[in-house]
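Asker: Fold the following, please.
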Amino acid sequence: MIKKGVLIRFFVLIVLVFGVNIYGVYAQKTKQRYEILKLIRKEKFDLVLPGAMRDNNVDMWIHVIESGKKDPLALDLGGWYEYRAWEPLAYYIFTDRGGDRIERAFLGGEDLDGLYDIVGSGNDLRKFVEERDPKVIAINMSDSLPIANGLSHTAYLRVTKALGKKYASRLVSAEKVITDFRVRRVQSEIIAFANACEIQRQVMEAAFKRIKPGVTSREEIAWWVQDQLLAQGIPPSYEAATLHLPYLPSVVHSEVSAPSETSKPGYVFQRGDFISWDMGIGYLNFGTDFKRDAYILKEGETDIPKGLKHAWERTIKAREIIRKTLKVGRTAGESLQAVVKALEAEGFVYTPSDDFSSQYRDLMNALGDSDKSGFTVDFHATGNTTVGDVTAGPSIAPWRKDRAHLMVQQNFIFAFEFVVNTWVPEWGKRISISYEDNSIITEKGVEALYPWNDSIIIIH
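Answerer: Numbers count the residues shown, from 1 in each chain. Sure, this is the predicted structure:
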């Protein structure tokens, strides 16, 4: 349980352990990262795994991996497995044999870190299982959770043949076990994730300050950030989303340029541009996902436009209402209902997005120049990957109904992401401000892991 003031101590630990300083120099070594990840694995096995299995009534969890394929849980489970023609599969096997600890075995691979109790041949699978005679065997196949669905059809055929009919009939999906194993955080991984967020925050905010109106392009500033991260051995959090280009800042509004121009990678930022930047970094076994916003002053301006400032203030007000509303112990569906009720009680209008049609835009436009602010939310799970549709855990959003039944548990790390649309008189239109910071829910409510986005960055 997180105690009072623990997140402040996290920051002290980040500085002392990870070597972060205000100048963006990070004294991070390969061996250090290796040891941190090893510590996280050990803590998860000792402190989280027993509950993840017992709360889901699972006697044995078999996680099957195949040679030549990077498994979704490779960094979670550790060990070493290389191609062996005589052993095309390897098995992580976790067995509840009573007591306060789960037995850990790795058949077909090597354990260089001493995390597993038993290491042997994958050819001994049936004998190993027969000796323990589990009644329920969870295995990595799932209809809805990609990280729990790494078992190919051919691997499934091999496993069921090796187990025999008796034990093959006892197989169930491991998605519930894997979900709880992932979302129940130990202190060491919370610290590591907070450190990743702080690395991203410093680099993003430094990048905004490098923008020169009429000179700097979207892709130039994005490539600069990638170079800073590469120097630290840090990749994007979700490379497949952008393939070749890095995460590019987006122009929400421009005084002089049409959307067809501002959407081009080579677009050069102009005075009067309002910018939103959504990106993430990969660090150890984690992926971040949050935004920062900036406005480029026009000639003669000393502050952001009054209407934009009002829109931002409405966004921050919504944030604080939501922050006081989200609690541990509700399902994602119940949490969504509570947030909507709380915001509507304060005069906000629910303009939900279904994430694949014009629903949100149509509802927003219907408000016109009303002084009401509309909103929609997407508090998706994050931490090990930025993508809410593929990571484990509850996701609180109107279109993520397949996660609505999942419980918001203690130390749930999530993307505190929502959109507030407000009429901006100077621009004669409604502007959507998409707010996002990575946060954690404890028994005290929503807590920050690093300095949140409290203001729009001003570029002179």
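Asker: name the element residue 417 belongs to?
Answerer: Per DSSP states H and E, residue 417 falls inside strand 412-424.
Asker: Which strands or helices does that strand pack on?
Answerer: helix 306-325, helix 359-367, strand 374-377, strand 429-442 (3 or more C-beta pairs under 8 Å, 6 or more residues apart in numbering; DSSP states H and E). Every C-beta, even on glycine, is put in place using the N, C-alpha and C of the backbone.
Asker: Please report the number of neighbouring residues for the nearest residue to residue 184 once chain neighbours are set aside.
Answerer: Of all residues not flanking residue 184 in the chain, residue 48 sits nearest, at 4.7 Å (C-beta to C-beta, 6 or more residues apart in numbering). If you count neighbours by other C-beta atoms under 10 Å, residue 48 ends up with 19.
Asker: can you check the one 4 residues further on too?
Answerer: Around residue 52 there are 24 other residues, counting by other C-beta under 10 Å.
Asker: Check for me that it belongs to a helix.
Answerer: Yes: assigned with DSSP: H, G, I helix; E, B strand; the rest coil, residue 52 falls within a helix.
Asker: Which positions within stretch 328-336 qualify as buried?
Answerer: 328, 330, 331, 332, 333, 334, 335, 336 (16 or more other C-beta atoms under 10 Å).
Asker: most distant residue from the middle of the protein?
Answerer: Residue farthest from the centre of the chain, counting by C-alpha atoms, centre = their mean, is residue 300 at 40.6 Å.
Asker: if we can go back for a sec, which residues are in contact with the residue nearest to residue 184?
Answerer: By C-beta atoms under 8 Å, 6 or more residues apart in numbering, the residues touching residue 48 are 180, 181, 184, 186.
Asker: in a helix, that's where it is, yeah?
Answerer: Yes: using three-state DSSP, the assignment for residue 48 is a helix.
Asker: mind checking pLDDT for it?
Answerer: Residue 48 carries a pLDDT score of 97 in this model.
Asker: circling back: just confirm the residue farthest from the centre of the chain is within a helix.
Answerer: No: going by three-state DSSP, the assignment for residue 300 is coil, not a helix.
Asker: List phi and psi for it.
Answerer: Torsion angles at residue 300 (phi, psi; degrees, to the nearest 10) stand at phi 90, psi -20.
Asker: how near is it to residue 431?
Answerer: According to C-beta to C-beta, to the nearest Å, residue 300 and residue 431 sit 21 Å apart.
Asker: and what of residue 271?
Answerer: Remark: distance between residue 271 and residue 431 (C-beta to C-beta) = 17 Å.
Asker: same question, residue 319
Answerer: 16 Å.
Asker: Find the nearest non-adjacent residue to the residue nearest in space to the middle of the chain, please.
Answerer: Taking C-alpha atoms, centre = their mean, the centroid of the chain lies closest to residue 382, which sits 1.9 Å from it. Of all residues not flanking residue 382 in the chain, residue 415 sits nearest, at 4.6 Å (C-beta to C-beta, 6+ apart).
Asker: So what sits opposite that neighbour in the bridge?
Answerer: Judged by DSSP bridges, the bridge partners of residue 415 are residue 438.
Asker: quick one: the strands in the stretch 151-300 of the chain?
Answerer: 171-173, 250-253, 274-279, 282-283, 286-287, 290-296 (DSSP state E, counting those that start in this stretch).
Asker: picking that back up, what sits against the residue nearest to the centre of the chain?
Answerer: Residue 382 sits next to 287, 288, 289, 388, 391, 413, 414, 415, 438 when contact means C-beta under 8 Å, 6+ apart.
Asker: want to throw the strands of the stretch 151-300 of the chain into CSV with mean neighbour count, mean pLDDT and distance to residue 314?
Answerer: Formatted as CSV, those follow (neighbours: other C-beta atoms under 10 Å; pLDDT from 0 to 100; distance: least, C-beta to C-beta, whole Å):
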stretch, mean neighbour count, mean pLDDT, distance to residue 314
strand 171-173, 17, 98, 43
strand 250-253, 19, 97, 15
strand 274-279, 22, 96, 15
strand 282-283, 22, 90, 33
strand 286-287, 24, 91, 30
strand 290-296, 23, 97, 14
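Asker: I am finished for the moment; much appreciated.
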